[in-house]
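Visitor: Compute the structure for the input listed below.
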Amino acid sequence: MLRRRALLALPVLLPACASPEPEYFRLSAVPGATRRSRRRVVELRSVGLPRYLDRAEILRAAGPNRLDLLSGDRWGEPLAEMIGRVLGQDLTQRLPGSTVFSTGGALSIDSDAVAEVEIQRFEQEEGGPVLLLAQLAVQAVPRGRRTARMVRIQAPVEGTGTAALVAAMSRALGQLADALAERLAAA
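Guide: So this is what the prediction gives:
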């Protein structure tokens, strides 16, 4: 009898032991200052991303040499692809009259400028702002002079929780787009 009651209670107890469904987040484009550019078609190459960031889980720095995964919080798409897509949207807004396309997308057209981004860090520093450290390179096509620059961006996290962190990351990416648009306008 006791065994039968235990078996009947099992379906009720199992859902209580299940882990919660993950929450999914995405970066979003943010408005920025527009720039006039002679470059009408800009090719945004695939964004380089360190392997430690190239994962479904969202993470933050927990010390100089330690990272914490945010339990149950995931990116809605591969991070490098999402950064490239959102950066392209940010650049399109900042360079009116220009067409920005990604090399990883469905379009393949001749461009008159190429933009490249290599991200080295992109996470919240321990209890502080989001740090985005990246190298930018811009080259006019054909055979224009190639310029490169290292940028360090910090965006404060306004609030608590993963949604506030992702919003700050979106703002940092918008600032990266500002720096890239400035380089493209000057190229």
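Visitor: Show me which residues of the host helix or strand of R149 are buried.
Guide: Assessed by DSSP states H and E, R149 sits inside strand 146-155. By neighbour count on 16 or more other C-beta atoms under 10 Å, the buried set for strand 146-155 is 151, 153, 155. Every residue, glycine included, has its C-beta placed from N, CA and C.
Visitor: Past it, which element shows up next along the chain?
Guide: Next along from strand 146-155, by DSSP H and E: helix 162-186.
Visitor: what's that following helix packed up against?
Guide: Where contact means 3 or more C-beta pairs under 8 Å, 6 or more residues apart in numbering; DSSP states H and E, helix 162-186 is packed against strand 23-25, strand 57-63, strand 66-75, helix 79-94, strand 113-124, strand 130-140, strand 146-155.
Visitor: which helices and strands sit right next to the first one?
Guide: Using 3+ C-beta pairs under 8 Å, 6+ apart as the contact definition, the elements that strand 23-25 packs against are strand 66-75, helix 162-186.
Visitor: Apply 10 Å and report the result again.
Guide: strand 57-63, strand 66-75, helix 162-186 (3 or more C-beta pairs under 10 Å, 6 or more residues apart in numbering; DSSP states H and E).
Visitor: So which of these is the most surrounded?
Guide: Neighbour counts (mean count of other C-beta atoms under 10 Å) averaged over each of the helices and strands packed on strand 23-25 peak at helix 162-186, with a mean of 20.
Visitor: where are the low-confidence patches of this protein?
Guide: Along the chain, the model assigns pLDDT under 70 to residues 1-19, 105, 107.
Visitor: most centrally placed residue in it?
Guide: When C-alpha atoms, centre = their mean is applied to the chain, the residue found nearest the centroid is I83 (3.5 Å).
Visitor: Distance-wise, check A163 relative to F25.
Guide: The gap separating A163 from F25 is 7 Å, by C-beta to C-beta, to the nearest Å.
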